[in-house]
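**Student:** give me the fold of what follows.
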Amino acid sequence: MQRREFLGTLTGPVVAACAVCMGACSKSAGGSNGAVNANFTVDLTSNLLAVGSSLVQNGVIIVRLAATNVPASFTAVQVACTHEGSFINYNASANNFVCPNHGSTFTTTGSVTLGPAASSLKQYNVAISGSTMTVTG
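**Tutor:** Next up, the predicted model:
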């Protein structure tokens, strides 16, 4: 078989495989800015026990901001930075979120305080029933 014939037989499958791979390797964790649809629960008897502790689940980072088990004691925002999709971290000493890739910072409600990120993180709803937190949005 000649090289031209061989390449001709692979064109369709190779293009399809490349399209699948490129889609799987996109930078964002969800939509165009990394936001995801969330609907999950967290057991507060074994997670987020200390003020300042954080948990990443289903594309969302949740942080305990205060000691009581009420919704206002927690925040939940998308974990993917809106700049290039890197996972952000919670900085307890500064009480903000920081992107380790280019240094963007965000408030605990997701607002940008320092770029290069230009758009806010999506904030999710937190509800608590007993020792179970539900995150939606």
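**Student:** just for the chain, where's the confidence low?
**Tutor:** Counting by pLDDT under 70, the chain has low-confidence residues at 1-32.
**Student:** try it again with 90
**Tutor:** Residues of the chain meeting the criterion pLDDT under 90: 1-36.
**Student:** distance of the residue sitting nearest the centre point of the chain relative to Ser119?
**Tutor:** The residue lying closest to the centre of the chain (Cα atoms, centre = their mean) is Val79, at 2.4 Å. Val79 is 15 Å from Ser119, where distance means Cβ to Cβ, to the nearest Å. Where C-beta positions appear, they are placed from N, C-alpha and C, glycine not excepted.
**Student:** next: His83.
**Tutor:** 9 Å.
**Student:** comparing these two, which residue is more hemmed in?
**Tutor:** Between His83 and Ser119, His83 has the larger neighbour count (other Cβ atoms under 10 Å), namely 21 against 15.
**Student:** isn't the more buried one right next to Phe106, touching?
**Tutor:** No: with contact defined as Cβ atoms under 8 Å, His83 does not count as touching Phe106 (10.5 Å).
**Student:** roughly how far apart are the residue nearest to the centre of the chain and Asn33?
**Tutor:** Val79 is 12 Å from Asn33, where distance means Cβ to Cβ.
**Student:** spatially nearest residue to Gly110, not counting backbone neighbours?
**Tutor:** Counting by Cβ to Cβ, 6 or more residues apart in numbering, Gly110 lies nearest to Leu121, which is 3.4 Å off, once chain neighbours are set aside.
**Student:** hey, where'd the strands end up in the chain?
**Tutor:** Assigned by DSSP state E, the chain shows strands spanning 39-43, 54-57, 60-64, 74-78, 89-91, 96-98, 105-106, 112-114, 125-129, 132-136.
**Student:** which neighbours do His83 and Phe106 share?
**Tutor:** Listed as contacting both His83 and Phe106 by Cβ atoms under 8 Å, 6 or more residues apart in numbering are Ala117.
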